[in-house]
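> I need the structure of the sequence given here:
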Amino acid sequence: MNWKTVGFRNLSVHAFDKIDWQLVCNILEGDLIDLVRFLECVEGFDG
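Residues are numbered from 1 along each chain as shown. The predicted structure follows:
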């Protein structure tokens, strides 16, 4: 699991007002595979 993705998840849930949206766009454009992997993990969670 990518811990940066987990950190972003925590930030987005608990401190969304502090998110640098330009950075989010840059990450999505350059590292979309991390988001896809994270979503696959969430989708497979059975809790």
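> all the strands of this protein, residue numbers only.
Taking DSSP state E to define them, one finds no strands in the chain.
> and the helices in it?
All helices of the chain, identified by DSSP state H, fall at 3-14, 21-30, 32-44.
> okay, how far is it across stretch 15-28, tip to tip?
19 Å (Cα to Cα, to the nearest Å).
> re earlier: so can I have TSV of the helices of the chain showing mean neighbour count and mean pLDDT?
Quick note: C-beta positions are derived from backbone N, CA and C, even for glycine. As requested, the helices of the chain are exported to TSV (neighbours: other Cβ atoms under 10 Å; pLDDT from 0 to 100):
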stretch	mean neighbour count	mean pLDDT
helix 3-14	12	77
helix 21-30	10	82
helix 32-44	11	84
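> how close does Cys41 get to Asp34?
From Cys41 across to Asp34, the span is 11 Å (Cβ to Cβ, to the nearest Å).
> quick check: chain neighbours aside, which residue is closest to the residue nearest to the spatial centre of the chain?
Central residue of the chain (Cα atoms, centre = their mean): Thr5, 4.1 Å from the mean position. Nearest non-adjacent residue to Thr5, counting by Cβ to Cβ, 6 or more residues apart in numbering: Phe38, 4.4 Å away.
> could you do Lys4 as well?
Asp34 (7.2 Å).
> for Asp20, what are phi and psi?
The phi/psi pair for Asp20 (degrees, to the nearest 10) reads phi -90, psi 100.
> distance of it relative to Asn26?
9 Å.
> do the same with His14
Applying Cβ to Cβ to His14 and Asn26 gives a distance of 22 Å.
> same question for Trp3.
As judged by Cβ to Cβ, Trp3 and Asn26 stand 19 Å apart.
> ok, now Ile19?
12 Å.
> swap in Phe45?
Going from Phe45 to Asn26 by Cβ to Cβ gives 27 Å.
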